[in-house]
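this one's sequence-less:
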């Protein structure tokens, strides 16, 4: 098998993350560059529109030419200036945006068709009309969204779009609704890389480069999702919230060329600036477990 779950390490990691707790992770999300971008977007002052716009952009946020955080800020700045007047025109407005985007220039016709399918199926309007129902049952939203797009409900763009709709709602209202435990983490390049670095996933290709291993894990994403599900249930932190821990960790590791000592030092400094009540030694112990393969 190309990708195997290391259940023992997943449980160990889950126990360590449980020491952080969900409350601290929810605080961390306010520092997520994507959340900061959506906070800017919330100036539109329309909770449903901001949330649905965030979901729609997540569905086409792949094969980007810029860093994800830079692209989401570009998206937010554009739509604060050019908010859609109605949801029916959303695919065309998104297409116009992508044509002029610095970060989202590839496969834009295919991405436009994805949004057009969602509009033509009637689901965009259904989501707006039943927004209160869906915001209180995000797992049902995931399944209905995937069904209307004729795709896997566990695919990275589907589950990522649920997280971004949640960000849109939270940024617009200030209301925090913990995400469901049964929505898996999106296995994008970042999560795939950390799946290997944390050693909750083993592969048959240990001699390949880290980037090549991440690509293999992405192609076999269901085992990686199950490994993170074990981490989530053990820590009692839902998978989509764990995603918010991994984002800064991998960025820090990259900036330090995956050097363990420098990565650990920078990570401790970053997190203690946010979690001022967390003991330094406890945090370091958690991070050593996170960076098991560095």
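Structure's in. What do you need? For clarity, every value in this text was computed on a predicted model and none was experimentally measured.

which residue ranges form the strands in the stretch 1-150 of the chain?
Assignment of strands within the stretch 1-150 of the chain using DSSP state E, counting those that start in this stretch yields the ranges 3-5.

flag the shaky bits of it, pLDDT-wise.
Under the criterion pLDDT under 70, the flagged ranges of the stretch 1-150 of the chain are 1.

mind listing the strands for the stretch 151-294 of the chain?
Secondary structure of the stretch 151-294 of the chain (DSSP E, counting those that start in this stretch): strands at 201-203.

distance check, residue 196 against residue 53.
Note on residue 196: its distance to residue 53, by Cβ to Cβ, to the nearest Å, is 33 Å. (Each C-beta comes from the backbone N, C-alpha and C, glycine too.)

now do the same contact list for the closest residue to residue 74 other than its chain neighbours.
For residue 74, ignoring the flanking residues on the chain, the nearest one in space by Cβ to Cβ, 6 or more residues apart in numbering is residue 103 at 5.7 Å. Residue 103 sits next to 64-67, 70-71, 74 when contact means Cβ atoms under 8 Å, 6 or more residues apart in numbering.

now swap in residue 44 and tell me
50, 53, 79-80, 83.

now with 10 Å?
50, 53, 76, 79-80, 83-84, 168, 172 (Cβ atoms under 10 Å, 6 or more residues apart in numbering).

in CSV: those residues, plus neighbour count and distance to residue 271.
CSV is the format used below for the contacts of residue 44 (neighbours: other Cβ atoms under 10 Å; distance: Cβ to Cβ, whole Å):
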residue, neighbour count, distance to residue 271
50, 27, 28
53, 26, 30
76, 25, 25
79, 22, 31
80, 14, 30
83, 16, 35
84, 18, 37
168, 28, 26
172, 22, 27
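
out of the residues you listed, which is nearest to residue 289?
residue 168 (32.5 Å; Cβ to Cβ).

tell me the spacing between the closest one and residue 216.
33 Å.

before we move on, back to that, out of the contacts of residue 44, flag the one nearest to residue 18.
Of all the contacts of residue 44, residue 18 sits closest to residue 168, with 28.3 Å by Cβ to Cβ.

assess the claim that that closest one and residue 75 are in contact.
No: taking contacts as Cβ atoms under 10 Å, residue 168 lies outside contact range of residue 75: 11.7 Å.

so what's in contact with the two at the same time?
Counting by Cβ under 10 Å, 6+ apart, the contacts common to residue 168 and residue 75 are 38, 41, 53-54, 57-58.

show me which pair in the residues you listed is furthest apart.
Between any two of these, the greatest separation by Cβ to Cβ is 12.4 Å, found for 41 and 58.

re earlier: distance to residue 107 for the contacts of residue 103 - can I get that in JSON lines?
Below are the contacts of residue 103 laid out as JSON lines (distance: Cβ to Cβ, whole Å):
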{"residue": "64", "distance to residue 107": "11"}
{"residue": "65", "distance to residue 107": "11"}
{"residue": "66", "distance to residue 107": "15"}
{"residue": "67", "distance to residue 107": "18"}
{"residue": "70", "distance to residue 107": "19"}
{"residue": "71", "distance to residue 107": "14"}
{"residue": "74", "distance to residue 107": "17"}
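
just to check, residue 195 is in contact with residue 228?
Yes: between residue 195 and residue 228 a contact is recorded at 7.2 Å, counting by Cβ under 10 Å.

overlap in contacts, those two.
5, 10, 185, 187, 201, 246.

nearest to residue 155, of these?
The shortest approach to residue 155 among the shared contacts of residue 195 and residue 228 belongs to residue 187, at 9.0 Å (Cβ to Cβ).

excluding its backbone neighbours, what's nearest the closest one?
Closest residue to residue 187 apart from its sequence neighbours, by Cβ to Cβ, 6+ apart: residue 221 at 3.7 Å.

give me the neighbour count for that neighbour.
Using other Cβ atoms under 10 Å, residue 221 has 22 other residues around it.

quick check: it vs residue 244, distance?
For residue 221, the distance to residue 244 equals 19 Å [Cβ to Cβ].

same deal with residue 234?
Counting by Cβ to Cβ - residue 234 and residue 244 are separated by 17 Å.

the more surrounded of these two?
Legend: neighbour count by other Cβ under 10 Å for residue 234 and residue 244, higher for residue 244 (21 against 17).
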